[in-house]
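Peer 1: dropping the sequence and predicted coords here.
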Amino acid sequence: MSNLCINPLNQGGKLQRQATMAQKVEIPSALPSKTLPADGMSRWNQIAPFSPFSREKFRQLVNAGKAPQPVKFSARCTAYPNRELHRFFADPLNYCANTR
């Protein structure tokens, strides 16, 4: 037996058939946040909306020790501690990274 229903509102006197299969509703898994979380780690795409610097300038500040040092999880996955990012964004001129 097929899952079809007949649409009584038709045009031209012909019956229209429509599938009544359950439609998949996609919910975005990572909704953009209005604030940076206080704890945890964030990647650049999550930091960018809050950063007054471009990605390259931020990288230069990291290399100079004037921005939070990243944590490398793999060759292609780098994240920054959110607590350090909050300290940095509160006072970028006087921030000094804790080198390990």
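Peer 2: Structure received.

Peer 1: measure the closest residue to Q69 other than its chain neighbours to R87 for me?
Peer 2: Closest residue to Q69 in three dimensions, ignoring its sequence neighbours and counting by Cβ to Cβ, 6 or more residues apart in numbering: A97, at 5.3 Å. (Each C-beta comes from the backbone N, C-alpha and C, glycine too.) Relative to R87, A97 is positioned 9 Å away (Cβ to Cβ, to the nearest Å).

Peer 1: which stretches of the chain have low pLDDT?
Peer 2: Applying pLDDT under 70 to the chain picks out residues 1-33, 99-100.

Peer 1: quick one, helices of it?
Peer 2: Ranges of helices within the chain are 44-47, 55-63, 82-90, based on DSSP state H.

Peer 1: burial measure for the residue nearest to Q69, as a count.
Peer 2: Applying other Cβ atoms under 10 Å, we find 16 other residues in the vicinity of A97.

Peer 1: my guess is it contacts N63. True?
Peer 2: No. Using Cβ atoms under 8 Å, A97 is not in contact with N63, being 10.2 Å away.

Peer 1: returning to what we had before: the residue nearest to Q69 and N45, how far apart?
Peer 2: Separation of A97 from N45 (Cβ to Cβ): 21 Å.

Peer 1: same list (the helices of the chain) but as a markdown table, adding distance to Q69 and mean neighbour count.
Peer 2: Formatted as a markdown table, those follow (distance: least, Cβ to Cβ, whole Å; neighbours: other Cβ atoms under 10 Å):
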| stretch | distance to Q69 | mean neighbour count |
| --- | --- | --- |
| helix 44-47 | 14 | 16 |
| helix 55-63 | 6 | 14 |
| helix 82-90 | 8 | 17 |
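
Peer 1: of those helices, which is nearest L36?
Peer 2: Closest approach to L36 among the helices of the chain (Cβ to Cβ): helix 82-90, 6.0 Å.

Peer 1: please save the CA atoms from the closest one in PDB.
Peer 2: Taking C-alpha atoms only, helix 82-90 is exported to PDB below (Å, rounded to 0.1, in the frame of the first residue of the first chain):
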ATOM      1  CA  ASN A  82      38.100  31.200  26.000                       C
ATOM      2  CA  ARG A  83      39.300  32.500  29.400                       C
ATOM      3  CA  GLU A  84      42.500  33.800  27.800                       C
ATOM      4  CA  LEU A  85      40.500  35.300  24.900                       C
ATOM      5  CA  HIS A  86      38.300  37.200  27.400                       C
ATOM      6  CA  ARG A  87      41.400  38.600  29.100                       C
ATOM      7  CA  PHE A  88      42.800  39.600  25.700                       C
ATOM      8  CA  PHE A  89      39.600  41.300  24.400                       C
ATOM      9  CA  ALA A  90      39.200  43.100  27.700                       C
END
